[in-house]
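Enquirer: need a 3D model of the following:
(4 chains)
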There are 2 protein chains.
Amino acid sequence: MPGSKHFDPEDAIDAVVPLLWRRGWAETGIQDIVDATGLSRSSLYATFGSKHQLSLAALRRYLRDYVDPVVTALDGGGDGLPSIAAFFGRLIKARCWGARARWGCLATAVQLSAQGEDPDVAEILAAQRKHTAKALRDALGRAGELGQLRTDVDTEATVEYLLLLTQGINVRSRDGADVKSLRQAVAAALSAIRAPGSDADTWPQGK
Amino acid sequence: MPGSKHFDPEDAIDAVVPLLWRRGWAETGIQDIVDATGLSRSSLYATFGSKHQLSLAALRRYLRDYVDPVVTALDGGGDGLPSIAAFFGRLIKARCWGARARWGCLATAVQLSAQGEDPDVAEILAAQRKHTAKALRDALGRAGELGQLRTDVDTEATVEYLLLLTQGINVRSRDGADVKSLRQAVAAALSAIRAPGSDADTWPQGK
DNA sequence: ACCGGCCTGGAATCGACGTTCCAACGTATT
DNA sequence: AATACGTTGGAACGTCGATTCCAGGCCGGT
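Expert: Next comes the predicted model:
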């Protein structure tokens, strides 16, 4: 076919993710995207239509490549409490180690910014929250079946409790909280809902 | 004196706080401020110098008027765990009730936005974090003296744990978490660090 | 080698924003 | 009542953003 694309749009989306993540959605200009992708404005607009749609694609890509891997191992419940501890271990590692340490969570940042009120953005983020909540709920259910949980705590309240910790980590990891403190805090938090006598591991190991 | 101001700058700052809080720092334009204050650009610039400095003043005002009242009762330690529970009760109420319900926390939003990297902003927010952490630490210390705390948890890790909950509430209150879930989650979180046998109240009552 | 289409690069457009400027105004003093 | 000085309102300025336009280029099919 004549006039086929000279580049892979998927690569362009990949290149945009760290821009939004590090500098922010509104703060990232088209020029930044041009520089990062090596493409021209024309090619970007011909391919993605607008900065908004490209940013939406990048947000979805971020969730798929950076958040889902942390959450997905919980789907189905895993082995209960230790799986939940491992989830937090992966989260803390993702937020505090490697090249993207202290970048925080793009989804949380977008949520708290003006973009969070955009209908498309809100839908994407709501779906992600729902997924995370379900995964935690399943894991708590499994933990209950395995007798790892105190019986005097409400499941939904505990889901909320774990979501609070998750978002807390997303925020605190950006402003100086160290890995050790976060891990100890999570271990204390999970020990708190563990059944007396259970020996289920609650230490948030980074995988 | 000839040519005295025809308005009170303090009132102008008060009028700017809800703009930044609801729409965001970068998203609030000078025109929005002109409309909200009823003042002209000239008066604003003559008084505050720049949008940046006016925004800084509004951020300080927000912390003084809306955050300090929630935190300050903890200074000195209060009566330990019940004071901490009351702190969370005030926080949840502030975030979920009244005209500013679901507005989230301006400080957290600014922290996660690009403005969070501005030196002046960073300094203001760091001081606030330090104040909150100290207040929680003092209250935990008092709780320990009163025998309300489990002895197998590290104090600093517990401070971090409470900060995670605080920031979690600031985020989650903005996207659909209801008062009851948040309160139950906090009650569970505080019961978790309470000494076995202690009858200290952990329910986050909104005052 | 030719052709025709879409892709490409860079310049041009259009609007919004922060900031500045200036003439007119109001007030406390004389 | 006249004066003097800072404040005030609104227009004007320059910058930078996203988006669009157009001439030129590249490639597959013939």
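Enquirer: how about the residue of chain A found nearest chain B: what's its closest non-neighbour residue?
Expert: Nearest residue of chain A to chain B: A:A192, at 2.4 Å (CB to the nearest CB). For the C-beta atoms, the positions are set from N, CA and C on the backbone; glycine is no exception. Leaving aside its chain neighbours, A:A192 sits nearest to B:A192 (2.4 Å; criterion: CB to CB, 6 or more residues apart in numbering or on different chains).
Enquirer: where does chain A dip in pLDDT?
Expert: A:1-3, A:207 (pLDDT under 70).
Enquirer: the helices in it, which residues?
Expert: A:9-23, A:30-37, A:41-48, A:51-62, A:68-71, A:81-96, A:106-112, A:119-145, A:155-172, A:179-193 (DSSP state H).
Enquirer: which helices and strands sit right next to the shortest one?
Expert: Contact here means 3 or more CB pairs under 8 Å, 6 or more residues apart in numbering or on different chains; DSSP states H and E; on that basis helix A:68-71 packs against helix A:81-96, helix A:119-145.
Enquirer: is it possible to get a markdown table of the helices of chain A that adds mean neighbour count and distance to B:T166?
Expert: Output for the helices of chain A, formatted as a markdown table (neighbours: other CB atoms under 10 Å in any protein chain shown; distance: least, CB to CB, whole Å):
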| stretch | mean neighbour count | distance to B:T166 |
| --- | --- | --- |
| helix A:9-23 | 18 | 24 |
| helix A:30-37 | 15 | 33 |
| helix A:41-48 | 15 | 39 |
| helix A:51-62 | 20 | 26 |
| helix A:68-71 | 17 | 22 |
| helix A:81-96 | 23 | 17 |
| helix A:106-112 | 24 | 15 |
| helix A:119-145 | 18 | 19 |
| helix A:155-172 | 24 | 7 |
| helix A:179-193 | 22 | 12 |
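Enquirer: so which of these comes closest to B:A73?
Expert: Closest approach to B:A73 among the helices of chain A is made by helix A:155-172 (21.5 Å; CB to CB).
Enquirer: what's near enough to touch the residue nearest to A:A192?
Expert: B:A192 sits next to A:A188, A:A189, A:S191, A:A192, A:I193 when contact means CB atoms under 8 Å, 6 or more residues apart in numbering or on different chains.
Enquirer: mind listing what the last one touches?
Expert: Meaning A:I193. A:L81, A:L149, A:R150, A:V153, A:T158, A:Y161, B:A188, B:A192.
Enquirer: ok, 7 Å please
Expert: Residues near A:I193 by CB atoms under 7 Å, 6 or more residues apart in numbering or on different chains: A:L149, A:R150, A:V153, A:T158, B:A188, B:A192.
Enquirer: and for the first one?
Expert: Neighbouring residues of A:A188 by CB under 7 Å, 6+ apart: B:V153, B:A157, B:T158, B:Y161, B:I193.
Enquirer: quick check: the last one vs DNA strand D, distance?
Expert: Right, B:I193. 46 Å (CB to the nearest atom of the strand, to the nearest Å).
Enquirer: over to A:D68?
Expert: 27 Å.
Enquirer: same question for A:A187.
Expert: As for A:A187, its distance to DNA strand D is 43 Å (criterion: CB to the nearest atom of the strand).
Enquirer: stretch A:93-110 near chain B at all?
Expert: Yes: residues of stretch A:93-110 are located near chain B by CB under 7 Å from any CB of the partner chain, namely A:G104, A:T108, A:A109.
Enquirer: and A:L39, how many neighbours?
Expert: 19 (other CB atoms under 10 Å in any protein chain shown).
Enquirer: how about it, what does it touch?
Expert: If you count contacts by CB under 7 Å, 6+ apart, A:L39 has them with A:F7, A:A12.
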